[in-house]
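Engineer: What follows is a predicted protein model with its sequence.
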Amino acid sequence: MLPGLRVDLARLAAYERVCGFPTGADALPVTYPHVLGFPVAMRLMSGRDFPLPLLGLVHTSISVTRRAATPATAVYELTVYVEGLARHRRGTEAAVVTELRDDGGAEPVWESRSTYLARHRVDGGAAPRQEGGPASAQAEPLPVRAEWRLAGDVGRRYGAASGDRNPIHLHPLTARLFGFPRAIAHGMWTVARCLAAHGTPDAAVVRAEFARRCRCPGRWRTGRQTGASNCAAGTGGACTCPGRWTPTRPEPAPPRPPAPARAPARAPPAAPRAGPSSGRPGPPRRSSSGSPPPAWP
């Protein structure tokens with residue numbers, strides 16, 4: 001847990017520029033708290049008690065829940081922990097949770113769950129990963145809204161702004177050491193770039209799966225479907241980052257049950273006397289001053 005966390009505004013501006021977010025606003029991009037928690041996540045996954053090798057871990061998916069606006073000048077409390085491990089058809093997947101709270105707050109204003117895959121041979125009893133997320137939800141290509149050119153240095157620029165300097169993203173020479181012919185873009189850059197283009201409300205849920213590689217340099221097409229669904233796909237199927245964001249709204253309060261009928265009041269006696277009233281009070285009412293909290297999928 002990191003209490004009293006303040007955002008480095010200069011580093012935030014560099015991140016906003018490389019991802020395409022507007023700069024200067026007193027608001028964190030919806031993906032930026034992931035950057036704040038990334039160094040802590042790396043320390044956890046590089047510790048001796050973490051059972052998977054850090055080298056070779058692949059970021060396979062992320063889900064983000066933002067419950068309210070997150071000002072860039074506010075003070076926060078950051079928590080990062082490993083939720084657990086799960087078998088995958090290609091190896092073992094670790095889930096890492098990041099939570100951002102207002103300093104001294106009880107509930108997170110922002111939280112994410114990332115999965116990282118360690119590839120290794122599995123026996124026939126390994127449980128396949130459950131499908132049905134954003135990748136499988138996009139059965140048909142979305143209408144193309146824009147096409148961008150990925151420069152060869154986008155991985156280096158994003159790595160400098162985010163702190164994620166994985167060699168596969170930095171240069172063709174370092175990428176070849178891990179079996180990639182060219183450098184590939186960060187999965188979180190593709191999510192951030194797409195959300196910067198389409199926008200997200202203050203309260204939203206974002207889900208993305210990193211299905212295929214985005215090679216740099218290259219071309220990238222992005223589409224948007226009515227109903228707040230975003231998807232990015234490159235030419236020739238070489239780059240796919242299916243995702244979805246949905247605005248969240250408070251659910252309406254459930255209807256109250258009808259109050260039981262009151263007993264009829266008795267006629268007052270001729271002479272007043274001390275003692276409690278003979279009328280029975282109705283059931284206590286719940287305060288309606290606050291709205292019920294939203295439900296998070």
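Structural biologist: Looks like it arrived, so ask away. Residues are numbered from 1 along each chain as shown.

Engineer: Would you verify that R11 is located in a strand?
Structural biologist: No - note on R11: no strand contains this position according to DSSP: H, G, I helix; E, B strand; the rest coil, which reports helix.

Engineer: Distance check, it against R101.
Structural biologist: Applying Cβ to Cβ, to the nearest Å, one obtains 21 Å for the distance of R11 from R101. Bear in mind the C-beta positions are built from the backbone N, C-alpha and C, glycine included.

Engineer: Look at those two and report which has more neighbours.
Structural biologist: Between R11 and R101, R101 has the larger neighbour count (other Cβ atoms under 10 Å), namely 19 against 16.

Engineer: and the gap between the more buried one and V109?
Structural biologist: Counting by Cβ to Cβ, the gap from R101 to V109 is 6 Å.

Engineer: same deal with A68?
Structural biologist: Computed with Cβ to Cβ, the distance linking A68 and V109 is 5 Å.

Engineer: more crowded one of those two?
Structural biologist: In this comparison of A68 against V109, neighbours counted by other Cβ under 10 Å, the higher total goes to V109 at 19 against 12.

Engineer: Helices of this protein, start to end?
Structural biologist: Counting by DSSP state H, the chain forms helices over residues 9-19, 32-45, 134-137, 154-162, 172-176, 187-198, given from the N-terminal end onward.

Engineer: Using TSV, please lay out the ones you listed together with mean pLDDT and distance to A72.
Structural biologist: Written out in TSV, the entries for these read as follows (pLDDT from 0 to 100; distance: least, Cβ to Cβ, whole Å):
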stretch	mean pLDDT	distance to A72
helix 9-19	95	6
helix 32-45	96	8
helix 134-137	44	28
helix 154-162	91	15
helix 172-176	87	32
helix 187-198	88	15
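
Engineer: Touching, H34 and M188? I think so.
Structural biologist: Yes - H34 is within contact range of M188, at 6.3 Å (criterion: Cβ atoms under 8 Å).

Engineer: For these two, list the residues in contact with both.
Structural biologist: Overlap between the contact sets of H34 and M188, as judged by Cβ atoms under 8 Å, 6 or more residues apart in numbering, is given by I62.

Engineer: pLDDT at R213, what is it?
Structural biologist: Reading off the per-residue confidence, R213 sits at a pLDDT of 76.

Engineer: same deal with the one 4 residues further on?
Structural biologist: Looking at P217, its pLDDT reads 83.

Engineer: was I right about it contacting A151?
Structural biologist: Yes - under the contact definition of Cβ under 8 Å, P217 touches A151, with a separation of 5.8 Å.

Engineer: Strands of the stretch 51-200 of the chain, residue ranges please.
Structural biologist: In the stretch 51-200 of the chain, the strands defined using DSSP state E, counting those that start in this stretch lie at 58-66, 76-88, 91-102, 110-119, 144-150.

Engineer: Indicate which one of the ones you listed is closest to R156.
Structural biologist: strand 144-150 (12.2 Å; Cβ to Cβ).

Engineer: for this structure, which spans come out with low pLDDT?
Structural biologist: Applying pLDDT under 70 to the chain flags residues 124-145, 222-297.

Engineer: change it to 50
Structural biologist: Where the chain drops to pLDDT under 50, the residues are 126, 130-139, 226-240, 249-257, 259-265, 267-268, 271-297.

Engineer: T115 contacts T60, doesn't it?
Structural biologist: Yes - using Cβ under 8 Å as the test, T115 is close enough to T60 to be in contact (4.9 Å).

Engineer: between these two, what contacts are shared?
Structural biologist: E93.

Engineer: For the residue lying closest to Y158 once chain neighbours are set aside, give me its contacts.
Structural biologist: Leaving out its chain neighbours, the residue that sits closest to Y158 by Cβ to Cβ, 6 or more residues apart in numbering is W189, at 4.6 Å. Under the criterion of Cβ under 8 Å, 6+ apart, the contact list for W189 reads V18, C19, V154, G155, Y158, S162.
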